[in-house]
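> Got a sequence here, can you build the structure:
(one chain, ligands or ions: 1)
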Amino acid sequence: MNIEDIIVYTCPKYKREMDAFYAAYELEVYLESPVAKIKHKPQKDRQCRFCGKKYPETRFAREAHLIPEFMGNKYLTSDSECDACNQKFSRYENDFKYYLGIIPSLTKTPAKGNKVPKFKAPRNELVAGITDKVEGGFVEILKGEHGDAIKVDYDNGVTRIEFRKHSYIPFNVYKAFLKMGLAALPKDEIMHYSNALSVLAYDEKMPNAIASVHVTNFPFSKRAQEPFLYVFKKRKHTDAIPAHVVILHYQNLIFQFFIPFYKFDGHVYKDMLRMPVCPPMFSEKVGDEFDPSFGIEDFTGLELKRNERQYITYNFDFPKGNLMKYDPVTGESWPVDTVPKDDLLGMILLPDGTTISLKENKKDHNTDQHE
Ligand SMILES: [Zn+2]
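Numbering: from 1, shown residues only. Modelled structure (predicted):
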């Protein structure tokens, strides 16, 4: 696809911000997972863009995913990432996965082997994954033996899920982002980023503004099925803004960050660093019906972040009739008049209006629950 052919839309309410962003930046790279494996050049002709080594000084036997495989990227791979660098980056990607917590499981992101991962919160607070209780590949969230991870407000129809994430190092998460940006850059730009490459290679304290990522959070109903990535380059090299801005769409999340220390951007770092924010982009026309939330995540920390909490909130009305109670231990189900409030063990997330039949007794069961 030619870069000129890529047309993006935003909500009418963000048009002014979009125009301002496009006045400062132009799209340089667009990447999405292709439908089949990319045929790369042979190992002997390759050079790693991260460590600079060539074959046979280093090897290129592993598949190096440009966007992590756990984010649903099957075939978008790089020919310029050696095995040694790939191994190092996999640690960063693992911390990135821990930062995302339950999201890959809730959004049914297919990872290696097309499998949706099971999420197990630490200390057995909660488990999420594809249910085997009903057909259809729906997600279930089950309370663990300990804790009280699922709280239901029956009167207001709000369910709040709260638990701890696995520990991760924030700066490693930042490096996972930075690696994606550097991997996506055109080959002739990478030579201007030697300082960014050394950020990736070493653990150095960074000013907050650099290891910060702008995050846009959508409801799960508005999400990208497959991850994709944009690299924008500033139009005027004299502008006091970062040269390259990277935008990554993953499910209901949009991450925006810049690649730091462009060789010709010395003047940018003397002033206050300012990254113009691009409003949410869509591949088709959209209205103003979405209300995403925006925030800045600071990934400066080099210490392990422990016990960070994650919250997910669902709004739905509990069905008034046609209720079934299901016992996952015995597999029995039977009709009840009201929602059983005290012995909720978990929930299965169904698209609006889905009808399911409980496996064990094959009785039809209507539900109004939806995502
Ligand atoms: Zn390398």
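> from here on, contacts and neighbour counts on C-alpha atoms
OK.
> what's the span of stretch 276-290 from first residue to last?
Length of stretch 276-290, first residue to last, C-alpha to C-alpha, to the nearest Å: 21 Å.
> Could you pull up the mean pLDDT of it?
Mean pLDDT, computed over stretch 276-290, is 91.
> Over to stretch 124-143?
91.
> Now do the buried residues in that stretch.
Neighbour-count burial for stretch 124-143, counted by 16 or more other C-alpha atoms under 10 Å, picks out 125-131, 133-134, 138-143.
> Can you tell me what sits against it?
Contact partners of stretch 124-143, identified using C-alpha atoms under 8 Å, 6 or more residues apart in numbering, comprise 102, 105-106, 108, 116-121, 144-150, 163-164, 328, 345-350, 356-359.
> Among the buried residues of stretch 124-143, which lie within strands?
The members of these that map onto strands under DSSP state E are 126-130, 139-143.
> Make a markdown table from these and add distance to the ion to it.
Shown next, in a markdown table, are those (distance: C-alpha to the ion, whole Å):
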| residue | distance to the ion |
| --- | --- |
| 126 | 38 |
| 127 | 37 |
| 128 | 36 |
| 129 | 35 |
| 130 | 37 |
| 139 | 38 |
| 140 | 40 |
| 141 | 40 |
| 142 | 42 |
| 143 | 43 |
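> For residue 286, state which of those is nearest.
For these, the minimum distance to residue 286 (C-alpha to C-alpha) is 27.6 Å, reached by residue 139.
> Quick check: bridge partners of the closest one?
Residues in a beta bridge with residue 139, per DSSP bridges, are residue 130, residue 349.
> so how far is residue 117 from it?
Noted for residue 139: a distance of 11 Å to residue 117, by C-alpha to C-alpha.
> so what sits against both of these two?
Joint contacts of residue 139 and residue 117 (C-alpha under 8 Å, 6+ apart) are 105, 108, 129.
> so what's the last one closest to, chain neighbours aside?
Translated: residue 129. residue 118 (4.5 Å; C-alpha to C-alpha, 6 or more residues apart in numbering).
> Residue 190 belongs to a helix, doesn't it?
Yes: the assignment for residue 190 is a helix, going by DSSP: H, G, I helix; E, B strand; the rest coil.
> which parts of the protein sit against the ion?
Residues of the chain lying close to the ion by C-alpha under 5 Å from the ion are 48, 51, 82, 85.
> just the buried members of those residues?
48, 51, 82, 85.
> Show me those that map onto helices.
The helices, defined by DSSP state H, take in residue 85 from these.
> What residue in the stretch 201-350 of the chain comes nearest to the ion?
Going by C-alpha to the ion, the ion is nearest to residue 201 of the stretch 201-350 of the chain, at 10.1 Å.
> which one is the spatially most central residue of the chain nearest to, not counting chain neighbours?
Centroid-nearest residue in the chain: residue 250, 4.0 Å away (criterion: C-alpha atoms, centre = their mean). Excluding its sequence neighbours, the residue lying closest to residue 250 (C-alpha to C-alpha, 6+ apart) is residue 227, at 4.7 Å.
> Now do the same contact list for the one you found.
32-33, 67, 71-73, 248-251 are the contacts of residue 227 under C-alpha under 8 Å, 6+ apart.
> got a pLDDT number for it?
96.
> what's the answer for residue 331, then?
pLDDT at residue 331 comes out at 76.
> The residue nearest to residue 250 and residue 76, how far apart?
10 Å.
> Which neighbours do these two have in common?
32-33, 67.
> Out of these, which comes closest to the ion?
residue 67 (16.7 Å).
> what's residue 102 in contact with, if anything?
119, 128.
> how's the protein carved up into domains?
Following the assignment in automatic domain parsing, the chain carries domains at 7-99+167-298, 122-164+316-366.
> need those in TSV with distance to residue 309, can you?
Output for these, formatted as TSV (distance: least, C-alpha to C-alpha, whole Å):
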stretch	distance to residue 309
domain 7-99+167-298	10
domain 122-164+316-366	4
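> For residue 112, find the nearest of these.
domain 7-99+167-298 (6.6 Å).
> Now do the end-to-end distance for that closest one.
End-to-end distance (C-alpha to C-alpha), domain 7-99+167-298: 31 Å.
> Please compute how far that domain lies from its chain's middle.
Centre-to-centre, domain 7-99+167-298 and its host chain are 12 Å apart (C-alpha atoms, centre = their mean, to the nearest Å).
> do the same with stretch 322-333
Stretch 322-333 sits 34 Å away from the centroid of its parent chain (C-alpha atoms, centre = their mean).
> Distance to residue 13 for the ones in strands among the buried residues of stretch 124-143 - can I get that in TSV?
Formatted as TSV, these follow (distance: C-alpha to C-alpha, whole Å):
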residue	distance to residue 13
126	38
127	38
128	36
129	36
130	37
139	33
140	35
141	35
142	39
143	40
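> quick one, what contacts residue 311?
160-163.
> Restricted to buried residues, select those in ChimeraX.
Command for ChimeraX, covering only those of these found buried under the criterion 16+ other C-alpha under 10 Å:
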select :161,162,163
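> which among the contacts of residue 311 gets closest to residue 91?
residue 163 (23.3 Å).
> The closest one contacts residue 149, doesn't it?
Yes: at 5.7 Å, residue 163 and residue 149 qualify as touching, with contact defined as C-alpha atoms under 8 Å.
> So, low pLDDT: which residues of this structure?
1, 272, 319-321, 340-343, 357-371 (pLDDT under 70).
> Can you spell out which helices and strands pack onto the helix or strand that contains residue 198?
Assigned by DSSP states H and E, residue 198 belongs to helix 194-201. Contacts defined by 3 or more C-alpha pairs under 8 Å, 6 or more residues apart in numbering; DSSP states H and E place helix 194-201 against helix 170-184.
> Which stretches in the stretch 251-371 of the chain count as helices?
Using DSSP state H, counting those that start in this stretch, the helices found in the stretch 251-371 of the chain span residues 266-270.
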